[in-house]
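**Student:** return a 3D structure for these sequence lines:
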Amino acid sequence: MIDDADHHVCPWQHGALLTVGARKLLNNPVRIVTPYLSPGATAMDVGCGMGFFTIPMARIVGPSGRVVAVDLQPEMLAGLEKNAAKADCGNIAVHQCGARSLGVGQWDGAVDFVLVFYMLHEVPDPQRLVGEVCAVLKPGGALLFAEPSGHVNGREFEQEATLFAQAGLAEVDRPRILTSRAVVWRKAGIA
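**Tutor:** Okay, the predicted model is just below:
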């Protein structure tokens, strides 16, 4: 979303660093997202950067599935498109969001899984973002929310997590992810 006095978006110049192999040792994207995805699913990666999670998600959902990759920075999305082409992942829809809104209403009620990983603390209006990502979820859909434990303290994380509960999601798990605080949420209804 937008860079202002209190919220700083990771510079696109650091995007390649976010996809390096060493990061996979700490946060293996396949291990983290596999429990929530299946072939043919529709997923959304909010704050996708250059595709650290997006590309593994696209491989898991397969050619009959789709991943919507959302980011504010066109340079991040260009890097993602380049990485996706190298990985032969043609099932990724790239979406540049606005500074104040994700603008993802066309996917309302159509997404099986949303990933909000290490980015909510960068957003000037977290409540709005949470409302938008909750709206895209299908009934029964899951959302994994995580923040870096070294950057977002426990109190701040719980305040952010409360926004998902206020938006009507039910907490179903607190997965262990190294260097992270994380919660899995589910939207009421039958998938």
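**Student:** what does the longest strand along the chain contact?
**Tutor:** Identified as the longest strand of the chain according to DSSP state E is strand 137-148. For strand 137-148, the surrounding residues in contact (C-beta atoms under 8 Å, 6 or more residues apart in numbering) are 32-33, 36, 109-118, 120-121, 133-134, 156-157, 160-161, 164, 169, 172, 175, 177, 179-191. To be clear about C-beta, it is placed using only N, CA and C from the backbone, and glycine gets the same treatment.
**Student:** any of those buried? List them.
**Tutor:** 32-33, 36, 111-118, 120-121, 133-134, 157, 160-161, 164, 169, 177, 180-187 (16 or more other C-beta atoms under 10 Å).
**Student:** and those, which of them are in strands?
**Tutor:** Those of those lying in strands (DSSP E): 111-117, 169, 180-187.
**Student:** how about the helices in the protein?
**Tutor:** Assigned by DSSP state H, the chain shows helices spanning 21-26, 29-33, 54-61, 74-86, 126-136, 154-166.
**Student:** and the end-to-end length of stretch 108-122?
**Tutor:** 23 Å (C-alpha to C-alpha, to the nearest Å).
**Student:** give me the distance from that stretch to the chain's centre.
**Tutor:** Relative to the centre of its chain, stretch 108-122 is centred 4 Å away, using C-alpha atoms, centre = their mean, to the nearest Å.
**Student:** and for stretch 159-172?
**Tutor:** Chain-centre distance of stretch 159-172: 16 Å, with C-alpha atoms, centre = their mean.
**Student:** how about the CA coordinates for that stretch, as PDB?
**Tutor:** Extracted C-alpha coordinates of stretch 159-172, given in PDB (Å, rounded to 0.1, in the frame of the first residue of the first chain):
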ATOM      1  CA  GLN A 159      -3.900  -6.000  17.600                       C
ATOM      2  CA  GLU A 160      -3.600  -6.800  13.900                       C
ATOM      3  CA  ALA A 161      -5.000 -10.200  14.300                       C
ATOM      4  CA  THR A 162      -8.100  -8.800  16.000                       C
ATOM      5  CA  LEU A 163      -9.000  -7.100  12.800                       C
ATOM      6  CA  PHE A 164      -9.500 -10.500  11.100                       C
ATOM      7  CA  ALA A 165     -11.800 -11.600  13.900                       C
ATOM      8  CA  GLN A 166     -13.700  -8.300  13.700                       C
ATOM      9  CA  ALA A 167     -14.100  -8.900   9.900                       C
ATOM     10  CA  GLY A 168     -15.900 -12.200  10.800                       C
ATOM     11  CA  LEU A 169     -13.200 -14.800  10.300                       C
ATOM     12  CA  ALA A 170     -12.700 -17.600  12.800                       C
ATOM     13  CA  GLU A 171      -9.300 -18.500  14.100                       C
ATOM     14  CA  VAL A 172      -8.500 -22.100  13.400                       C
END
